[in-house]
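>>> sequence and predicted structure are below.
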Amino acid sequence: ALSSNVLWLDSEFSAIGSSAGKVSRWNDVLQRGSATQGDPTYRPTLITGDAGDKPEINFNGGGEFLNIGSIGGSIPNAATLVICASISDQNSGGDTTYSLVSSLANISSRWRAGDNRGDWGLFTNTIISNFPTGMPVNGTLVASVRASDEFGLEVRLNGVQIGYTSSYTFSNSGNLVIGVSDSISRS
């Protein structure tokens, strides 16, 4: 863990609260915060004994999400986010519209759309249209986001830059959610 690390959610090392196989709380590894879901209807599934006997949290893409809340005071001027995830949709061969993490209560905030472009809604006050491009529909990925007024906004996928803009204003406001882009209409 880095000293500047604000939140570390890890399905292997975090304490995970669940009921009937559904995740209600995903605690930070160092107990600084958590991602929660009070409504059983919107809880993702906890899968154990699959990927090398490591636990997984599975979001179905149909409204399941965890709420991190507002952590803006911990990231006043800049943020870096690293996500390791597996994207798939077994029914159609790919997930063409998803939101891994968002801070805007806007249904348009998504990481990839069917026309191979995103509409960015993380660490910003408004949607950034057509950004980024090239997000996958299937597979395991490591995505990193670096955002600040000084640097701009960069998205990397498996170490390769897939989006960058210097015309960017960082925002630490908003309610961070994992799994959907519009938690307000689902709360």
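Looks like it came in fine.

>>> elements contacting the helix or strand of the chain with the lowest mean pLDDT?
Lowest by mean pLDDT, DSSP states H and E among the helices and strands of the chain is strand 117-120, with a mean of 79. For strand 117-120, the packing partners by 3 or more CB pairs under 8 Å, 6 or more residues apart in numbering; DSSP states H and E come out as strand 128-133. Quick note: C-beta positions are derived from backbone N, CA and C, even for glycine.

>>> one step back: contact partners of the least confident helix or strand of the chain?
Residues external to strand 117-120 that are found in contact with it (CB atoms under 8 Å, 6 or more residues apart in numbering): 108-113, 127-133, 135, 153, 163.

>>> can you rerun that using 7 Å?
The contact list for strand 117-120 (CB atoms under 7 Å, 6 or more residues apart in numbering) reads 108-113, 127-133, 135.

>>> that strand: how far from the chain's middle?
Relative to its chain's centre, strand 117-120 lies at 14 Å (CA atoms, centre = their mean, to the nearest Å).

>>> next, give phi and psi for the residue most central in space within the chain.
Centroid-nearest residue in the chain: Val101, 2.3 Å away (criterion: CA atoms, centre = their mean). Here is the backbone geometry of Val101 (degrees, to the nearest 10): phi -150, psi 140.

>>> tell me where this protein has strands.
For the chain, strands defined by DSSP state E occupy the ranges 16-19, 22-27, 34-36, 45-47, 56-58, 66-69, 78-87, 101-102, 117-120, 128-133, 139-148, 152-157, 160-165, 176-178.
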